[in-house]
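Engineer: Predicted model and sequence below, questions to follow.
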Amino acid sequence: MPYDGEATFTWMVPGYGLHASEDDQVDLYSNTALCGFYWVKGDRPRRVEGLPDCPECRREVQLGAERPRGSW
């Protein structure tokens, strides 16, 4: 099921590329990307601008951005 939330945030996870999450802050212990990838605090992710390079995360962000909001 495609991501159907609000804004997403792109994270650079050293050694694992750019991933997107729905959270704007890294949790103390772990965080999960839209593709299902998760990282721990020790991975030292940092927020960056732009789209993720992970194809699955990018797809979810783009589908979510194109989906109309509100009721029909």
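Structural biologist: Yes, it's here.
Engineer: and the residue at minimal distance from the centre of the chain, how far is that from residue 9?
Structural biologist: Residue closest to the mean C-alpha point of the chain, counted by C-alpha atoms, centre = their mean, is residue 20 at 1.5 Å. Separation of residue 20 from residue 9 (C-beta to C-beta, to the nearest Å) stands at 7 Å. Bear in mind the C-beta positions are built from the backbone N, C-alpha and C, glycine included.
Engineer: State the three-state secondary structure for residue 27.
Structural biologist: coil (DSSP: H, G, I helix; E, B strand; the rest coil).
Engineer: quick one: what helix or strand has the nearest residue to residue 46 once chain neighbours are set aside in it?
Structural biologist: Leaving aside its sequence neighbours, residue 46 sits nearest to residue 12 (C-beta to C-beta, 6 or more residues apart in numbering; 5.4 Å). Taking DSSP states H and E as the definition, residue 12 sits inside strand 9-13.
Engineer: For that strand, buried residues please.
Structural biologist: 9-11, 13 (16 or more other C-beta atoms under 10 Å).
Engineer: Quickly run through the sheet partners of that strand, with directions.
Structural biologist: Paired neighbours of strand 9-13 in the sheet (DSSP bridges): strand 17-21 (antiparallel), strand 46-48 (antiparallel).
Engineer: Comparing the ones you listed, which comes out most buried?
Structural biologist: Stretch with highest mean neighbour count among the strands paired with strand 9-13: strand 17-21 (a mean of 22; mean count of other C-beta atoms under 10 Å).
Engineer: Check what pLDDT residue 10 gets.
Structural biologist: We have a pLDDT of 94 for residue 10.
Engineer: go on, residue 44?
Structural biologist: pLDDT, residue 44: 91.
Engineer: Spatially nearest residue to it (excluding sequence neighbours)?
Structural biologist: Nearest to residue 44 is residue 14, by C-beta to C-beta, 6+ apart, at 6.1 Å.
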